[in-house]
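K.L.:
Sequence and computational prediction follow.
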Amino acid sequence: MKGLAEMSAKVRTRWLLVSVLFPMSVYADQVRQEIFLWQGTPPGAETEATVEKVVERGLEGASRDRSITGVHRPTLTIHLPEKKNARSHAAMIICPGGGLSRVVIDKEGNDFARLLCDYGVAGLVLKFRTPSANNEHYGMSTLEMDIKRAIRLTRAHAERWNLDPQRIGVFGFSAGGILASTVATRYDRGNRESVDYIEQESCRPDFLGLAYPLISLRQEICNEQYRRLLFGKNPSADRILKYSSELNVSEKTPPTFICHAEDDQAISIEHSRLFVEACRMAGVPCTTFFRSRGGHGYGVRKWGTPINQWPQAFVKWMQLRGISEDRR
């Protein structure tokens, strides 16, 4: 009887959390809603002495281009495709860039999510805690915590959102690449003993996408500013190697797509080349879209350079892998 009572309590707790986390209907056309990763104060949170700051960087009359700083409570903004058939949708957790000091939520987040919805893939935009949030130090371990939680939460509620729990991927832009590549190479299968049903889920992504990503944290590859933001001053060699994702690729790393421009001055294409070589050595399928020109920070917008055709190549890659639908 005690076991049944404990099970009943867990079920009640689960449905209470669902009603708090997801109060909205989720089956309108391309539904969008924002939810917290955790109820209450997230683990590892700093004192919430400041509020988020949103800056609109887009020109008047142009597309939105907001950046967000001061994130203390990470969220997912959920974009769901129009429900046209009974088949569950694949989903992509999107990690925007922002130099590890802000989250570029539109051109590397919501814009991409809407594009994915056009092809029957749900886009879930992660607003994660950044290391320099109002002078408080959210380091690499906090970023890793946020992306793992986002994937677990998505799997835990796949049925409610009409998602396929076996087709949950992650995509990282720029500095968001360190979150995406880390969870693809340092995942776990969940804690079945946890009283939090979300933590019981695996955080392994089924596929990985990267655009001009930060991947390696080794001194000869990585900008010193990124290393300092993620680890503080004088990080140990062990920490650097632990989170340099190209060193952690294995045969279990998910199939990968990477785009990068050779003239990128913000994050060198060497990050991507090292990861590609590691995938090749491990036998992991890895498709590249490298071009000579394009710079950095273009997202899914068309700026007239060769690299701006990468979204079309990525859609074809998803279709070949059975991730997306051909809706055009």
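P.N.:
Done, it's in. Numbers count the residues shown, from 1 in each chain.

K.L.:
Relative to the whole chain's centre, how far out is the helix or strand containing F289?
P.N.:
Following DSSP states H and E, the helix or strand that holds F289 is strand 286-291. Put simply, strand 286-291 sits 19 Å off its chain's centre (C-alpha atoms, centre = their mean, to the nearest Å).

K.L.:
How much space separates R32 from L320?
P.N.:
28 Å (C-beta to C-beta, to the nearest Å). C-beta: built from backbone N, CA, C; applies to glycine.

K.L.:
Over to Y119?
P.N.:
Y119 sits 12 Å away from L320, going by C-beta to C-beta.

K.L.:
Quick one: the strands in this structure, in order.
P.N.:
32-36, 53-56, 66-69, 75-79, 89-95, 103-104, 121-127, 163-173, 208-211, 256-261, 286-291 (DSSP state E).

K.L.:
Check which helices and strands the last one sits against.
P.N.:
Applying 3 or more C-beta pairs under 8 Å, 6 or more residues apart in numbering; DSSP states H and E, one finds that strand 286-291 makes contact with strand 256-261, helix 270-282, helix 310-320.

K.L.:
which of the ones you listed is buried the deepest?
P.N.:
strand 256-261 (a mean of 26; mean count of other C-beta atoms under 10 Å).

K.L.:
Leaving out the residues flanking it, which one is nearest to I307?
P.N.:
G294 (2.7 Å; C-beta to C-beta, 6 or more residues apart in numbering).

K.L.:
Make sure that neighbour is actually in contact with R301.
P.N.:
No: applying C-beta atoms under 8 Å, one finds G294 not in contact with R301, separated by 11.4 Å.

K.L.:
Look at those two and report which has more neighbours.
P.N.:
Between G294 and R301, counting by other C-beta atoms under 10 Å, G294 is the more crowded of the two (23 against 15).

K.L.:
now the more buried one: how far from A175?
P.N.:
Relative to A175, and taking C-beta to C-beta, G294 is found at 17 Å.

K.L.:
what does R64 give?
P.N.:
R64 is 20 Å from A175, by C-beta to C-beta.

K.L.:
ditto for Y119
P.N.:
From Y119 over to A175 (counting by C-beta to C-beta), the distance is 26 Å.

K.L.:
ok, these two, which is more surrounded?
P.N.:
A175 (29 against 19).

K.L.:
So the more buried one sits against V103, correct?
P.N.:
No: applying C-beta under 8 Å, one finds A175 not in contact with V103, separated by 9.3 Å.
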